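1. Kindly generate the corresponding structure for this input.
(one chain, ligands or ions: 2)
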Amino acid sequence: MFEEKDGLLKRELPLVSGKESGCATVVEIGEGESRVAIGGGHFAMIAGPCSVESESQIISLAHAVKAAGANLLRGGAFKPRTSPYDFQGMGIEGLRLLVKAKEETGLPIVSEIMSEKYLDYFIENVDLIQIGSRNMQNFELLKALGRVRKPVMLKRGFSSTIREWLLSAEYLLSGGNSQVILCERGIRGFDSLTRNVLDLSAVPLVKRLSHLPVMVDPSHGTGRSDLVPTMAVAAVAAGADAIMVEVHDNPGEALSDGFQSLTPDQLADLCRRIEPVLNIR
Ligand code: PEP
Ligand code: MN
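-> Ligands and ions are numbered 1, 2, ... in the order given. Predicted structure coming up:
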């Protein structure tokens, strides 16, 4: 039976399953007035462009996503691109611009780390450090982030099982970092009409197996902006503690992932659709 299977997996995950009391972990992000809590009944909307592209882009989008209802600003500075000829991100300059956007709007910032080389800079400047799908099993990076005392968001590898994903989270927790959020972002399927198969069953299952908060990214999960709002609402209904979506003021001109990016108006509409679902769960 599934209870037996779940029990066996939980034994492999003493810290991720942990907390006999059944208490949900609440991850606190940022400082002061704009501090945001995720988990244990606290919900957050994370939004921003796939890539930071320029100062004017990130500053205006930061204001726009805040006005639309987002609590955290995401922006990629180091981009894991399949092709070496595609835009690789602005790097440290991108992080500097994100910090500027945070200073202007008060929104805590989320960005992906790809190399331990920049860890000190991320610890200093980024409020929630993202480990992307491609690095979910970069064990040296996991060990390094296990040693820091900063919230980490661990995306599911696009070809990883739930067991592998949770064992990667166990690396972070066993290193001493308890501020971990899991992010379902879709797994590879066989259908070319969508980019990935967004595994929403992972949300209630992981919440049964673990006390850690679960986020859902329907942008990478579907790869299509027309499907993002519906799947975001469905993720909230399934129990997600946070949603992360890509937003661009001109998706057709985005340097990466424009086809799956919402406009700020569409984000505002999504936030309105999520509200009643949050109230009934
Ligand atoms: C991203 O969030 O921009 C990203 C690259 O996501 P993933 O690691 O899920 O592909
Ligand atoms: Mn992207």
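2. what residues are up against the nearest residue to residue 213 once chain neighbours are set aside?
-> Once flanking residues are discounted, residue 213 sits nearest to residue 39: 3.2 Å by Cβ to Cβ, 6 or more residues apart in numbering. To be clear about C-beta, it is placed using only N, CA and C from the backbone, and glycine gets the same treatment. With contact taken as Cβ atoms under 8 Å, 6 or more residues apart in numbering, residue 39 is in contact with 24-27, 181, 212-213, 241.
3. Quickly check these for the two that are furthest apart.
-> 24 and 181 (11.6 Å; Cβ to Cβ).
4. quick one: which of the two has more around it?
-> Regarding residue 24 and residue 181, a neighbour count based on other Cβ atoms under 10 Å identifies residue 181 as having more, with 27 against 16.
5. From the contact counts, what lies against the helix or strand where the more buried one lies?
-> Using DSSP states H and E, residue 181 sits in strand 180-184. Where contact means 3 or more Cβ pairs under 8 Å, 6 or more residues apart in numbering; DSSP states H and E, strand 180-184 is packed against strand 152-155, helix 162-174, helix 202-209, strand 214-216.
6. okay, these in TSV with distance to ligand 1, mean neighbour count and mean pLDDT next?
-> Shown next, in TSV, are the helices and strands packed on strand 180-184 (distance: least, Cβ to the nearest ligand atom, whole Å; neighbours: other Cβ atoms under 10 Å; pLDDT from 0 to 100):
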stretch	distance to ligand 1	mean neighbour count	mean pLDDT
strand 152-155	4	25	98
helix 162-174	12	20	98
helix 202-209	13	18	97
strand 214-216	11	26	98
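7. Give me every residue in the protein lying close to ligand 2.
-> For the chain, the contact set with ligand 2 under Cβ under 5 Å from the ion comprises 50, 257.
8. mind listing the helices in the chain by residue range?
-> 2-12, 14-17, 55-68, 92-105, 119-125, 139-146, 162-174, 202-209, 218-222, 228-237, 264-280 (DSSP state H).
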